[in-house]
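*Asks:* sharing a model prediction with you, sequence too.
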Amino acid sequence: MPYEWHQNGGERVLHAWPYRSLPIKGFVWFIGTTAALLTLPLLAVLGNAILWALLPFLLAAIAGVWWAISHTYRSGSSEEWLTISSNSIALLRRDAGRDDREWSANPYWIRAIIRPGPVEQYLVLVGDHISGREVELGAFLTPKERESLQSEVNEALSQVVRD
């Protein structure tokens with residue numbers, strides 16, 4: 001699952017990130033294979049003036065594929081840090097090209113619930129009786145992962161409040 005829990009003294013820390021189906025090593029192989037396959041038609045026109053007419057288009061295609069995949073890596077670099085301690089719960093969300101977003105509350109009043117929303121199994125933290133605000137958690141996770149995370153967050157909250 002694209003999240004993990006850490007124990008840091010008396011704190012429980014959740015780190016969540018989007019799933020990556022193509023690792024960097026796979027990206028290198030894909031670009032290399034694409035470049036090799038796109039240069040195959042050039043073998044037929046080696047030593048001919050047509051080579052120079054086709055070469056810019058093939059290089060532009062390789063550059064376009066490189067840019068598109070690199071762009072998805074940048075836009076998919078979101079991550080969330082949920083820190084739960086006996087006297088506070090804090091959520092930090094980092095997205096590429098945006099300012100960090102932070103939220104905090106007293107863990108005694110907070111619980112994780114799943115409700116209807118913009119995504120299936122919309123997971124939110126609710127219950128702060130002072131602000132009444134709810135925050136989304138793990139929007140980039142799959143519905144099954146959000147469902148699993150809900151029970152894990154509620155368990156971590158109950159452990160911290162008990163201690």
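*Replies:* Happy to help now that I have it.
*Asks:* and Pro41, how many neighbours?
*Replies:* 11 (other CB atoms under 10 Å). For the C-beta atoms, the positions are set from N, CA and C on the backbone; glycine is no exception.
*Asks:* that one: what secondary structure?
*Replies:* Put simply, Pro41 is helix when judged by DSSP: H, G, I helix; E, B strand; the rest coil.
*Asks:* quick one, what contacts it?
*Replies:* Leu54, Leu58 (CB atoms under 8 Å, 6 or more residues apart in numbering).
*Asks:* quick check: it vs Asn48, distance?
*Replies:* As judged by CB to CB, to the nearest Å, Pro41 and Asn48 stand 12 Å apart.
*Asks:* helix, strand, or coil at Arg146?
*Replies:* Quick answer, by three-state DSSP: Arg146 is helix.
*Asks:* cool, and Leu141?
*Replies:* Three-state secondary structure (criterion: three-state DSSP) places Leu141 in coil.
*Asks:* surely it is in contact with Leu149?
*Replies:* Yes. Applying CB atoms under 8 Å, one finds Leu141 in contact with Leu149, separated by 6.6 Å.
*Asks:* which residues are common contacts for these two?
*Replies:* Tyr3, Ala16, Leu123.
*Asks:* pLDDT averaged over the lengthiest helix in the chain - what is it?
*Replies:* Ranked by residue count under DSSP state H, the longest helix found in the chain is helix 50-75. Helix 50-75 shows a mean pLDDT of 89.
*Asks:* can you list the strands that the very next helix or strand once past it pairs with?
*Replies:* The helix or strand immediately downstream of helix 50-75 is strand 79-84, counting by DSSP states H and E. As defined by DSSP bridges, the strand partners of strand 79-84 come to strand 11-16 (antiparallel), strand 89-94 (antiparallel).
*Asks:* quick one, whichever strand or helix holds Ile31 and helix 50-75 angle?
*Replies:* Taking DSSP H and E as the definition, one finds Ile31 inside helix 24-39. Helix 24-39 runs at 160 degrees relative to helix 50-75, counting by axes from the mean of the first three to the mean of the last three CA atoms, to 10 degrees.
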